[in-house]
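1. next comes the sequence, and after it the predicted model I'd like to discuss.
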Amino acid sequence: MDPELTILSVNAMAVALIHTVIGPDHYLPFIVLSKARGWSMAKTAWITLGCGLGHVASSVVLGLVGFGIGASLRHLEWIESARGGFAAWALIVFGVIYAAWGMWRLKRPGPDGHTHDHLVRLHAHDHVHDPKTGAEISLTPWILFVIFLFGPCEPLIPFFIYPAATASWAGAWLVAISFSVVTLAAMTTLVLVGRWGLEWLPTHRLARYSHVLAGATVALTGGLIQFAGL
């Protein structure tokens, strides 16, 4: 392998790890929503992987299209920045709506006219039904997927474009795959470790507020990305 390409791939993997760790949007929403919705560890992992794949694939496609039409790196980075703003605001809006929904469920009276806070977590449904089969389709994972599909993976574009611009498409794909694998592995590891860690915290007194807290955390995460530049 070309030594220069080896160095580029190693740097891409290092940047992917750092980019994921310092970006709370890569893991916090999955951790808190998994806890609030009672997802299993396997389901949490699959949802995280699916969203992460959309996250990196969208930037690869943007890089391919941009390079194909001769767009400059500066223009591609501007598009990525705009996508980042959209994704951050989407997290904020989704988090606020989810928290408000959680508050509404806390106050909603049961069949006997009384509120049943202890039942909220067990009977909180955010789904639609398949018109053909009647099967439940949970909305939360799909909302997260759409947000991450539009969310940029900013460092990937320069790493991908550089070898492509030197006519080394095999190198471009090697860099993209290296970056993507590390990003997905880091996301999944952070989410599962965080989810496992929550099980050891004394959160039973806060269980009734799990959806409210999850929504607030998602909104806060979006705010940190948008206003603190994380």
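-> All right, it came through fine.
2. now for the longest helix along the chain, which elements pack on it?
-> In the chain, with assignment by DSSP state H, the single longest helix is helix 73-107. Applying 3 or more Cβ pairs under 8 Å, 6 or more residues apart in numbering; DSSP states H and E, we find helix 73-107 packed against helix 28-37, helix 41-68, helix 117-120, helix 139-150, helix 156-165, helix 210-227. Quick note: C-beta positions are derived from backbone N, CA and C, even for glycine.
3. just the ones you listed: most buried one?
-> Of all these, helix 28-37 has the most neighbours on average by mean count of other Cβ atoms under 10 Å, namely a mean of 24.
4. tell me what angle it forms with helix 73-107.
-> 20 degrees (axes from the mean of the first three to the mean of the last three Cα atoms, to 10 degrees).
5. quick one: low-confidence ranges for the protein?
-> By pLDDT under 70, the weakly predicted segments of the chain are 1, 71, 108-137, 162, 164-168, 203-204, 206, 230.
6. let's see 50
-> By pLDDT under 50, the low-scoring segments of the chain are 111-124, 127-131, 133-135.
7. enumerate the positions of the longest helix of the chain that are buried.
-> 76-77, 80, 83-84, 87-88, 90-92, 94-95, 98-99, 102, 105 (16 or more other Cβ atoms under 10 Å).
8. also compute the angle for it relative to helix 210-227, please.
-> Going by the same axes, to 10 degrees, helix 73-107 makes 160 degrees with helix 210-227.
9. once you drop chain neighbours, what's closest to Leu53?
-> Leu184 (6.6 Å; Cβ to Cβ, 6 or more residues apart in numbering).
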